[in-house]
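S.K.: Build the 3D model from these lines:
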Amino acid sequence: MAAESRVNPAQVKKAVAALAKHLEKVKAEGKTQLFEEDGDGDYYSVMLSTRRVPQKGSNKLVPVKIPNPLLNPDKTEICLIVKDHQGEGHKEAKKKVADMEACGVAKVLGISKLRNNYKPHEAKRQLCDSYDLFCADARVLPILPKLLGKSFFKKKKQPVPVDLTKKDWAAQIRKAAAATYAHVGAGTCIHVKVGTSGMEVTKVAENAIAAIDNLVQHVPRKWSNVQSIYMKTNESVALPVYNALPDPDEEKAAREEEAERKAEKIAAREKWRAEMEAERINTEAPPAKKKAKK
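M.R.: Below you'll find the predicted structure:
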């Protein structure tokens, strides 16, 4: 059972309303986004800061459920990256997508074509800009960072994993398109988009409240490890919606937990060294002499 939220919904709605006014003012003044490479259009985002640095970072996207999808299912263009062998899997995937009900897939791209046709940086950048969302067979996800390059990660458009071992591909893709995704790195800040400039303020607020509650479930020690939560647009200031008070008991518990994990790592390392040393001794030991037969 999820822990009760510590964020005041009224504070979130107030922050979204203030950011909406800011976007209207920027639009009225004719200002454009300074850093186009940071994203496509204006987004509302939630930024969650944790008390402690995570034990290990990751570039994986964390799916976060929201009540109002950021992508319009009727207008979204999705690129589906599939597993193939010399183009064979790619042909089968294209046929399957053509036969299934509409789910937004505008292009099916096999790993072979991705590897051969998108080697130059400019080709990768154009591919990144050509589609609203990239989905990929979960089985090929580990090899994609090298093939796609930095553009996808810089624009936070790395492919979303889908399970193509299941029969209903359309359901898997629609589910992926309906969620938003948190970018959990090696630092203390977690970022997730919760709305677009074209959405109603009330829907953005609903998304933000839901995203915060769902995102906290992916944080080690849940709310105890949440230091602060902010909301912002691409280039606005960050508006606080939650700040945790100093908690001596939590700090003590966190230090004890870190000490315990450190001790476990040291013990595991020492055990590994002992096993390696025992293996070395056994390898170097001279073979036992056979007793001479009488």
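S.K.: Tell me which residues are up against the helix or strand hosting Leu215.
M.R.: Element membership for Leu215, per DSSP states H and E: helix 201-216. For helix 201-216, contacts defined as C-beta atoms under 8 Å, 6 or more residues apart in numbering pick out 2-3, 5, 7, 9, 12-13, 15-17, 20, 44, 46, 48, 62, 64-68, 70, 180, 182, 190, 192, 194-195, 199, 222-223, 226, 229, 231, 241-242. Quick note: C-beta positions are derived from backbone N, CA and C, even for glycine.
S.K.: Distance from that helix to the middle of the chain?
M.R.: Centroid separation for helix 201-216 versus its chain: 17 Å, with C-alpha atoms, centre = their mean, to the nearest Å.
S.K.: again, but for stretch 152-161
M.R.: 8 Å.
S.K.: Pop the domain breakdown of this protein in here.
M.R.: Per the record, the chain has its domains at 1-69+179-245, 72-175, 247-282, by automatic domain parsing.
S.K.: so what's the backbone phi/psi at the closest residue in space to Arg51 that isn't next to it in sequence?
M.R.: Closest residue in space to Arg51, ignoring its immediate chain neighbours: Gln227 at 4.7 Å, by C-beta to C-beta, 6 or more residues apart in numbering. Main-chain dihedrals, Gln227, degrees, to the nearest 10: phi -90, psi -50.
S.K.: number of nearby residues for Gln227?
M.R.: For Gln227, the count of nearby residues is 15 (other C-beta atoms under 10 Å).
S.K.: ditto for Pro69
M.R.: The tally of other residues near Pro69 (other C-beta under 10 Å) stands at 16.
S.K.: Lys113 reaches Lys94, doesn't it?
M.R.: No - judged on C-beta atoms under 8 Å, Lys113 makes no contact with Lys94 at a distance of 11.0 Å.
S.K.: about what we covered before: dump the domains of the chain into JSON lines; add mean pLDDT as well.
M.R.: As requested, the domains of the chain are exported to JSON lines (pLDDT from 0 to 100):
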{"stretch": "domain 1-69+179-245", "mean pLDDT": "84"}
{"stretch": "domain 72-175", "mean pLDDT": "86"}
{"stretch": "domain 247-282", "mean pLDDT": "75"}
